[in-house]
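J.: coords below, sequence missing:
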């Protein structure tokens, strides 16, 4: 005879557990502690098994019967509900462990062999700084596009370009998750439409005609700048390397006899060694720096941390003090030099471009154009240094 809800409510605990049967294997098991549990008895390949449906009264008699019908349908389809429930439990545990941070670190490890160490360090730093705290703990199955968008919009308030880089980075990770069967779509698709549109600007750089003003400001501030910073700006003017290439320079890279600075591949943006012919003026600055810092590994050591190179912000801060804060950057010296070399000194773009350590944009040119123009570049660097001296003498003497 089928159970009634009144019987279920009225069932009282006894010294030993007992069962109140409904039908088709469904029964309510009453424990001495007072707990009441729904069970379903069934046979699977001739063996009697029991499936736990739930606790009464949270699972009512009606719900228990509906669950029984669902389970019997599984049985008729050749599915053991206990095995299925175990599989679902393990799948849920696996998915909850597949957080964005977990997958991101897994993806990062996969790329380590192919990436430059510095690039790999930059990637994990950006992930830790911008994403892990925001949604790194989210299982991928629970991560939503709106959650990622909120993170990107937070970033773009102060760094619009970084927001787009982080979006691209997250997309790479999610596509890895797709091919490893964690999720089925890239949640970042379309998010760029919700970000503020802006035009990426070039690094600030003065016009060629403003060079005398810059040189005047530099020399007039000489007494107010730390001497190493003053020399760093002068050497950047003469060599127009990237800021990181300058401040991370080591004495072992300088060949005074050959008047050549060889920047190793690992410190170059394009990951190939770069030669910088040193003018007489550059050598004079380096010799002065050697009397100051010869016992240090770096040519421009940090004052508070002498074993480390000086900060990237040092040159920017000095330019700001000189009144060029919004008009000039470390990278701007490269644009300035390119303009002078082409417009004032008449050198071809190809020769000047090689000294800037640029590579041809066309893939065919990159494959076949191996010209380094080293002799022409050596002459060019001396002529460029002489030009700077001439401008300086005209306007400062």
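T.: Sure thing, it's come through. Since the structure is predicted, the reported quantities are computational estimates derived from the model, not experimental observations. Numbering: from 1, shown residues only.

J.: Go ahead and name everything in contact with stretch 329-336.
T.: Residues outside stretch 329-336 that contact it (C-beta atoms under 8 Å, 6 or more residues apart in numbering) are 202-206, 208, 211, 236-237, 240-243, 246, 312, 315-316, 319, 356. Using the backbone N, CA and C atoms, a C-beta is placed for each residue, glycine as well.

J.: tally of neighbours for residue 164?
T.: 18 (other C-beta atoms under 10 Å).

J.: My read is that it contacts residue 197, right?
T.: No. Using C-beta atoms under 8 Å, residue 164 is not in contact with residue 197, being 10.6 Å away.

J.: what's downstream of the lowest-mean-pLDDT helix or strand in the chain, the next helix or strand?
T.: Taking mean pLDDT, DSSP states H and E as the measure, the helices and strands of the chain show their lowest mean at helix 363-368, namely a mean of 42. Using DSSP states H and E, the helix or strand that directly follows helix 363-368 along the chain is helix 374-396.

J.: Show me which positions of that following helix end up buried.
T.: Neighbour counts over helix 374-396 (16 or more other C-beta atoms under 10 Å) mark 376, 377, 378, 380, 381, 382, 383, 384, 385, 388, 391, 392 as buried.

J.: by contact count, what packs against the one helix or strand residue 175 maps to?
T.: Following DSSP H and E, one finds residue 175 within helix 160-179. Packing partners of helix 160-179 (3 or more C-beta pairs under 8 Å, 6 or more residues apart in numbering; DSSP states H and E): helix 100-111, helix 117-126, helix 145-156.

J.: For the next helix-or-strand element following that helix, give me every contacting residue.
T.: Using DSSP H and E, the helix or strand that follows helix 160-179 towards the C-terminus is helix 211-220. With contacts defined as C-beta under 8 Å, 6+ apart, helix 211-220 is touched by 206, 230, 233-234, 322-324, 328, 336, 340, 388, 391-392, 394-396.

J.: Can you give the domain ranges for the protein?
T.: The chain breaks down into these domains under automatic domain parsing: 5-93, 100-194, 208-396.

J.: from the chain's centre, how far out does the first one sit?
T.: The reference is to domain 5-93. From the chain centre to the centre of domain 5-93 is a distance of 51 Å (C-alpha atoms, centre = their mean, to the nearest Å).

J.: returning to what we had before: can you tell me which of the contacts of helix 211-220 is closest to residue 372?
T.: Proximity of the contacts of helix 211-220 to residue 372 (C-beta to C-beta) peaks at residue 340, which lies at 21.1 Å.

J.: thinking that closest one is in contact with residue 385, fair?
T.: No. Contact criterion C-beta under 8 Å: residue 340 and residue 385 do not qualify, at 11.1 Å.

J.: Just checking, which helix or strand succeeds the helix or strand residue 39 falls within along the chain?
T.: Using DSSP H and E, residue 39 maps to strand 36-44. Sequence order places strand 47-56 as the next helix or strand after strand 36-44, per DSSP H and E.

J.: That next one packs against which elements?
T.: Judged by 3+ C-beta pairs under 8 Å, 6+ apart, strand 47-56 is in contact with strand 36-44, helix 61-76, helix 81-97.

J.: Quickly compare those and say which is most buried.
T.: Compared across those, strand 36-44 shows the largest average neighbour count, a mean of 17 (mean count of other C-beta atoms under 10 Å).

J.: What pairs with it, parallel or antiparallel?
T.: strand 26-30 (antiparallel), strand 47-56 (antiparallel) (DSSP bridges).

J.: Among those, show me which one is buried the most.
T.: Comparing those by mean neighbour count (mean count of other C-beta under 10 Å), strand 26-30 comes out on top with a mean of 21.

J.: could you check the angle helix 61-76 makes with that one?
T.: Strand 26-30 runs at 130 degrees relative to helix 61-76, counting by axes from the mean of the first three to the mean of the last three C-alpha atoms, to 10 degrees.

J.: residues making contact with strand 26-30?
T.: Residues outside strand 26-30 that contact it (C-beta under 8 Å, 6+ apart): 3, 8, 11-14, 17-22, 36-41, 53, 56, 64-65, 68.

J.: quick one: average confidence on it?
T.: The average pLDDT for strand 26-30 rounds to 92.

J.: For residue 246, give its distance to residue 261.
T.: 10 Å (C-beta to C-beta, to the nearest Å).

J.: shared neighbours, these two?
T.: residue 239.

J.: sorry, back to before: residue 299: which of the strands paired with strand 36-44 is closest?
T.: Per C-beta to C-beta, nearest to residue 299 of the strands paired with strand 36-44: strand 47-56, 72.4 Å.

J.: And stretch 273-292, how far out from the chain middle?
T.: Distance, centroid of stretch 273-292 to centroid of chain: 34 Å (C-alpha atoms, centre = their mean).

J.: err, stretch 342-353, not the other one
T.: 36 Å.

J.: Residues in contact with it: which ones?
T.: For stretch 342-353, the external contacting residues (C-beta under 8 Å, 6+ apart) are 208, 337, 338, 341, 371, 373, 376, 377, 380, 383, 384, 387.

J.: Quick check, the second one in contact with residue 236.
T.: No. Here residue 337 does not reach residue 236: they are 9.6 Å apart, not a contact under C-beta under 8 Å.

J.: average pLDDT for stretch 49-56?
T.: 90.

J.: no no, stretch 82-101
T.: Across stretch 82-101, pLDDT averages out at 72.

J.: any idea where the strands of the stretch 201-350 of the chain begin and end?
T.: 254-255, 260-263, 274-277 (DSSP state E, counting those that start in this stretch).

J.: Nearest to residue 306, out of those?
T.: With C-beta to C-beta, the closest approach to residue 306 among the strands of the stretch 201-350 of the chain belongs to strand 254-255: 18.6 Å.
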